[in-house]
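Enquirer: sequence and predicted structure, then a few things I'm wondering about:
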Amino acid sequence: MAKLLNIPSYINDPSYRYKMPAVTTRIEGRGNGIKTNICNCADVASALKVPPSYITKWLGCQLGALSKWEDDAEKSIVNGAHETNVVAEQIDKFIEKYVICPKCKLPEVDMTVKKGTIIGGCKACGWAGDMDNSHKLAKFIVTSFTESSGGGKKDKAARRAEKQAKQKAGAAGSDDSDNESEEIKKKKDKKDKKDKKEKKEKKEKKKKDKDDDSDDSDGEKKAKKEKKDKKEKKDKKEKKEKKAKKAEASESDSDSDKGAKVKKGSADKTAGDDDLVFDDEVITDSILRVRKLESEKASSKAIEKYFDEVRMIQIQNAFSAKMRLYVVLGALFAESELTAKTIKPKTGYINKMVSHPQMTCKDICFAFEVFYHVNKASIKAFPHVLKELFDDEILNEKDLIQHYDPEGASSVDTPGYEDAKKSAEPFISWLKQSDDSDSESESGSDVDLGNI
């Protein structure tokens, strides 16, 4: 059995359900006749749900070599000697172009050809649009698709030739079949006569039986009608009683259901909210999965890749953006405390999470409040963390004051809100003072919070 890899292979999630076999190659021949045989091209193509000829042609175009797919022997050949890792990289590029959905990044795209253009549709998120029609492979896909579907309509000359050939064949066979047709007609006439006689006899028997049974059937019909009437009356009464009971039950329950809240664990979910709770098994499992992802690099490419993989986990488990931010915090700061020093190199990751989609201050603070509710030992560092988020423009002054102001804050039922509010009081008071003194100096955001 070949080793199974994710689709595409650079995804490191061990729980990823889309798998394909690892590519195996063998170099054959010598000198000018040297070539590379992709041994399990058919298995890889079946995992990607595409014909193996597409992958073979793609490798030929990308590697600048002649390529050939032998359908009878199920053999994929590319001229020249090519390493296995080079072939695997090119297959990943093919997956990005023609297998993965550009919206949800899942390999659920079905390709079709309409009017000479390649069109794709995603079974997972419903995306539909044009695939890459500018690549050399696009022309090969269009031609192979039209050939497999019948090659399109025939021209007028071909259709006329077919009609003339059919007419000639019919004229040649008509002379021989005249004598045979007369004998067949005679046999058919005899059979028809016999069938008619049998039908007449059956009809006469049925009439006699009906006349005998008509007297008995009248009494049975009356009895059946009476039974039906009784059943209908009973059904109507039962329906009326059920409707009355339902009306009474709905009236008694309507007052108690208004504004009711359902508690699960230590977190609340309001009516109509389908989001998961922070101590749900799915959330804890998601934190463990995200913790395995690489998050050491601070480059934009690494952050984009990290965001895509976290979003895939979010789509699979169906939780909200604010819960996604809590999962990321639990994964990034599980082994160390969440302080100003530890959050500073990770602000790029957090900024990406809160801006796609744009999250409100309340939802961002929800993730931090729940995190400190679970990790109460590090809540002393919360004011410094808020200042770091404020300096990086992830949170703004107005929204923070409105959310944590002891005098004007609205009631929030987030777990850990009260503790976070008490811890944030020095920073909120500093924000109010800096707001009053903005006209005097522009360096107010550099104030030392060491005494908080």
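Expert: Sure, I can see it. Just so you know, these numbers come straight off a predicted model, no measurement behind them.
Enquirer: mind listing what's buried in whatever helix or strand Gln402 lives in?
Expert: Taking DSSP states H and E as the criterion, Gln402 maps to helix 397-404. Across helix 397-404, burial judged by 16 or more other Cβ atoms under 10 Å covers Leu400, Ile401, His403, Tyr404. Where you see a C-beta, it was placed from the backbone N, CA and C, and this is true even at glycine.
Enquirer: return the distance of the spatially closest residue to Lys380 that is not a sequence neighbour relative to Asp405.
Expert: Counting by Cβ to Cβ, 6 or more residues apart in numbering, the nearest residue to Lys380 once its immediate chain neighbours are dropped is Ser423, at 6.8 Å. To Asp405, Ser423 is 14 Å away according to Cβ to Cβ, to the nearest Å.
Enquirer: could you verify my assumption that Met312 touches Ile100?
Expert: No - using Cβ atoms under 8 Å, Met312 is not in contact with Ile100, being 11.0 Å away.
Enquirer: what do the two both touch?
Expert: Leu106 (Cβ atoms under 8 Å, 6 or more residues apart in numbering).
Enquirer: neighbour-wise, which of the two wins?
Expert: Taking other Cβ atoms under 10 Å, Met312 and Ile100 do not tie; Ile100 has more neighbours (22 against 18).
Enquirer: ok, now which ones touch the more buried one?
Expert: Ile100 sits in contact with Ile7, Pro8, Leu106, Pro107, Val109, where contact means Cβ under 8 Å, 6+ apart.
Enquirer: so which of those belong to strands?
Expert: Secondary structure defined by DSSP state E assigns Val109 of the contacts of Ile100 to strands.
Enquirer: burial count for Ala321?
Expert: Residues contacting Ala321 under the criterion other Cβ under 10 Å number 19.
Enquirer: repeat that for Asn40.
Expert: 19.
Enquirer: how about it, phi and psi?
Expert: phi -110, psi 40 (degrees, to the nearest 10).
Enquirer: before we move on, the earlier item: quick one: name whatever helix or strand follows the helix holding Gln402.
Expert: Downstream of helix 397-404 (by DSSP H and E), the next one is helix 417-436.
Enquirer: would you mark the buried spots in that next one?
Expert: For helix 417-436, by 16+ other Cβ under 10 Å, it's Tyr417, Ala420, Lys421, Ser423, Ala424, Phe427, Ile428, Trp430, Leu431.
Enquirer: wait, isn't the third one in contact with Ile401?
Expert: No - because the distance of 12.0 Å does not satisfy Cβ under 8 Å, Lys421 is recorded as not touching Ile401.
Enquirer: ok, back up a step: what's the closest of the buried residues of helix 417-436 to Lys35?
Expert: Ala420 (65.6 Å; Cβ to Cβ).
Enquirer: and the pLDDT for the closest one?
Expert: Listed pLDDT for Ala420 reads 85.
Enquirer: same check, this time on the one 5 residues further on
Expert: Per-residue pLDDT puts Glu425 at 84.
Enquirer: where exactly do the helices run in the chain?
Expert: With DSSP state H as the criterion, the chain has helices at 41-48, 52-63, 84-98, 136-148, 156-257, 281-291, 300-317, 321-332, 340-343, 347-355, 361-374, 382-391, 397-404, 417-436.
Enquirer: mind giving me TSV with the ones you listed and columns for distance to Ala124?
Expert: Output for the helices of the chain, formatted as TSV (distance: least, Cβ to Cβ, whole Å):
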stretch	distance to Ala124
helix 41-48	15
helix 52-63	21
helix 84-98	15
helix 136-148	22
helix 156-257	35
helix 281-291	18
helix 300-317	8
helix 321-332	18
helix 340-343	34
helix 347-355	22
helix 361-374	26
helix 382-391	34
helix 397-404	35
helix 417-436	36
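Enquirer: got a list of what Ile141 touches?
Expert: Residues near Ile141 by Cβ under 8 Å, 6+ apart: Tyr54, Met111, Val113, Ile118.
Enquirer: looking at those, which two lie furthest apart in space?
Expert: The widest separation within those (Cβ to Cβ) is 12.3 Å, between Tyr54 and Val113.
Enquirer: which non-adjacent residue is nearest Ser53?
Expert: Per Cβ to Cβ, 6+ apart, closest to Ser53 is Trp69, 4.2 Å.
Enquirer: just checking, which helix or strand of the protein averages the lowest pLDDT?
Expert: The helix or strand of the chain with the poorest confidence is strand 261-264; it has a mean of 35 (mean pLDDT, DSSP states H and E).
Enquirer: that older thread, and which of the buried residues of helix 397-404 is nearest to Lys362?
Expert: The nearest member of those to Lys362, counting by Cβ to Cβ, is His403 at 6.1 Å.
Enquirer: the closest one contacts Thr360, doesn't it?
Expert: No - His403 is beyond contact range of Thr360, at 9.4 Å (criterion: Cβ under 8 Å).
Enquirer: thinking again about what came up before, of the contacts of Ile100, which is the most crowded?
Expert: Within the contacts of Ile100, most neighbours by other Cβ under 10 Å means Val109, with 25 neighbours.
Enquirer: separation between it and Val99?
Expert: The gap separating Val109 from Val99 is 6 Å, by Cβ to Cβ.
Enquirer: repeat for Ile303
Expert: Look at Ile303 and Val99: by Cβ to Cβ, they are 24 Å apart.
Enquirer: neighbour count winner among these two?
Expert: More neighbours surround Val99 than the other of Ile303 and Val99, with 25 against 19 (other Cβ under 10 Å).
Enquirer: the more buried one and Val44 touch, don't they?
Expert: No - at 10.9 Å, Val99 does not count as touching Val44 under the criterion of Cβ under 8 Å.
Enquirer: and the residue nearest the centre of this structure?
Expert: Closest residue to the average C-alpha location of the chain: Ala124 at 2.8 Å, with Cα atoms, centre = their mean.
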